[in-house]
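# Show me the folded form of this:
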Amino acid sequence: MSIKMKELPESEKPYEKLEIYGAKKLSNAELLAIIIKTGTKQDSALNLAQKVITLKNRKNKNNLTFLRDLTTNDLTTINGIGRVKAIQILAVAELANRMLTPIKTTEQKIKTTDDVANLFMSQMSNEKREIAKVIILNTKNVIIKVLDLSIGGTNYAVLEPKIVLEEAVKMQAPKIILIHNHPSGDPTPSEQDFQATDRIFEAANIMGIDLLDHVIIGKNRYESIMFGKKRRRREY
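Numbers count the residues shown, from 1 in each chain. Okay, the predicted model is just below:
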């Protein structure tokens, strides 16, 4: 039988605990319980939160990035999580995701592969699908636009030269940088990555555009296809 929230000591109730000790002292389940607010006759909000965290029999209960990939249908399979609670949980997950997105990527100067990776690591390292972007720069390597190119499956996002270069040609931009993630967490370039980079480099060269780099983002790691590990600090 589950313990009801009102039966907990004041200092252990999520709302009161946050006020007394601060948000950092709360567990993932306690924070989620505050979002859920109310429970049912069978389960407290805390118990419902724990059920959400263990949804789909996940092994790593500390990693909450899976919440971004859930649907209302997934969440409402839990007895006590209705449409409204499901929407609240998904809204919070999206807010958290947007907090990881750089506030402003344009007007920033890019000098090295490190700069590229640092700018996009938090945004792309936890993606479940491959996402490719092109960073368009001016003559001084200042970002003037970042464009989403494609979203692939769990293995590969298509990078066609025509799509990659289209916007840069329109803007008459002199330089671009490619970046995409590997959902596996391993940023080691694949043969497809090398082939795509070669095709884009050649096409860009014909159009008078300099492809400075192609960066692959993994799980808190990254590699440059064009410069490799030993040269990734090379200045553009």
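
# Need the CA coordinates for stretch 189-200. CSV is fine.
Provided in CSV are the C-alpha atoms of stretch 189-200 (Å, rounded to 0.1, in the frame of the first residue of the first chain):
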residue,chain,number,x,y,z
PRO,A,189,32.9,9.3,-38.4
SER,A,190,31.3,6.6,-40.5
GLU,A,191,32.2,5.9,-44.1
GLN,A,192,28.9,7.6,-45.1
ASP,A,193,30.0,10.7,-43.2
PHE,A,194,33.3,10.9,-45.0
GLN,A,195,31.7,10.4,-48.4
ALA,A,196,29.0,13.0,-47.8
THR,A,197,31.7,15.5,-46.6
ASP,A,198,33.8,14.9,-49.7
ARG,A,199,30.7,15.5,-52.0
ILE,A,200,29.7,18.7,-50.2
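
# Ile176 belongs to a strand?
Yes: counting by DSSP: H, G, I helix; E, B strand; the rest coil, one finds Ile176 located in a strand.

# Now for Leu159: which residues touch it?
Counting by C-beta atoms under 8 Å, 6 or more residues apart in numbering, Leu159 makes contact with 132, 149-150, 178, 180, 196, 200. C-betas here are computed from N, CA, C, even on glycine.

# Mind doing that once more with 7 Å?
By C-beta atoms under 7 Å, 6 or more residues apart in numbering, the contact list for Leu159 reads 132, 149-150, 196, 200.

# so what's it scoring on pLDDT?
At Leu159, the model reports a pLDDT of 81.

# Can you classify Ala132 by secondary structure?
Counting by three-state DSSP, the backbone at Ala132 sits in strand.

# That one: neighbour count?
Residues near Ala132, counting by other C-beta atoms under 10 Å, number 23.

# so it bridges to which residues?
Per DSSP bridges, the residues bridged to Ala132 are Ser150, His180.

# so what's it up against?
Ala132 touches 149-150, 157, 159, 178, 180, counting by C-beta under 7 Å, 6+ apart.

# Tabulate these (TSV), appending distance to Ala93.
Formatted as TSV, the contacts of Ala132 follow (distance: C-beta to C-beta, whole Å):
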residue	distance to Ala93
Leu149	25
Ser150	23
Ala157	23
Leu159	29
Leu178	28
His180	23
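
# Can you say which of those are buried?
149-150, 157, 159, 178, 180 (16 or more other C-beta atoms under 10 Å).

# rewinding a little: nearest to Val164 among the contacts of Leu159?
Comparing those against Val164 with C-beta to C-beta places Ile200 closest, at 5.3 Å.

# measure that closest one to Gly218 for me?
21 Å (C-beta to C-beta, to the nearest Å).

# Looking at those two, which one has more neighbours?
The neighbour count for Ile200 versus Gly218, taken as other C-beta under 10 Å, is higher for Ile200 (23 against 19).

# In this structure the more buried one contacts Leu211, no?
Yes: counting by C-beta atoms under 7 Å, Ile200 does reach Leu211; the two are 6.0 Å apart.
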